[in-house]
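S.K.: Predicted structure and sequence below. I'll ask about it afterward.
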Amino acid sequence: MNRLTRFGVAACVAVVSIVAYSQMPQQNPDKIAIETRQGLFKLISNQFGPIAGMIRGGNVDPEVAARNGGRIKVLAGMIPELFTRDTHQFKDVPTKALDGIWTSQADFKAKADGLATAAEALEAAGKSGDKAAVQMAGQNVGKACGACHDSFRAK
């Protein structure tokens, strides 16, 4: 099993474990849902950090771009599922999620799918070894993140 597959399996196991844990009666499922989402976005940010550095600094590493692009693609695919529980009324955990997530689910999913597609292109560019393509694909991942933030995340 390659590193990307192991990462994807580990991320899925973590999410499934957290979702199962949220079903325990002593825990508040709204709190668990929000914390799980925040954890997912921290992982995405962690994987995009080196890509953003490449975009700014011009020191492109196609191997890192391929690996991290693949990871972001997997993580982005989890976003819509983790937002099926409407928690906008729950105020015990600070969140930047805007109510539009739940009133515009189709647009929200489309933006998450756009991130997954951009990340897949980054992965492919990295595998090609073309540094200019990696640079462009990395910028597109950043734009996909920003498109969702502009609509669904408080400043």
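M.R.: Thanks, I have it.

S.K.: Could you point out the helix or strand that follows the least confident helix or strand in the chain by mean pLDDT?
M.R.: The weakest-scoring helix or strand in the chain, judged by mean pLDDT, DSSP states H and E, is helix 3-22 (a mean of 57). Next helix or strand after helix 3-22 toward the C-terminus (DSSP states H and E): helix 29-57.

S.K.: any idea of the mean pLDDT for that following helix?
M.R.: The average pLDDT for helix 29-57 rounds to 96.

S.K.: Next SSE downstream of it?
M.R.: helix 62-82.

S.K.: With only the CA atoms kept, save the helix or strand following that following helix in CSV.
M.R.: For helix 62-82, the following helix or strand on the C-terminal side (DSSP H and E) is helix 100-103. The C-alpha trace of helix 100-103 is given here as CSV (Å, rounded to 0.1, in the frame of the first residue of the first chain):
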residue,chain,number,x,y,z
GLY,A,100,-25.5,29.4,3.6
ILE,A,101,-23.8,26.0,3.8
TRP,A,102,-27.1,24.4,4.7
THR,A,103,-29.4,26.7,2.6
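
S.K.: what helices or strands is helix 100-103 leaning on?
M.R.: Counting contacts by 3 or more CB pairs under 8 Å, 6 or more residues apart in numbering; DSSP states H and E, helix 100-103 packs against helix 105-128, helix 131-152. Every C-beta, even on glycine, is put in place using the N, C-alpha and C of the backbone.

S.K.: change it to 7 Å
M.R.: Secondary-structure packing of helix 100-103 (3 or more CB pairs under 7 Å, 6 or more residues apart in numbering; DSSP states H and E): helix 131-152.

S.K.: and the helix it packs on with helix 105-128, angle?
M.R.: Counting by axes from the mean of the first three to the mean of the last three CA atoms, to 10 degrees, helix 131-152 lies at 170 degrees to helix 105-128.
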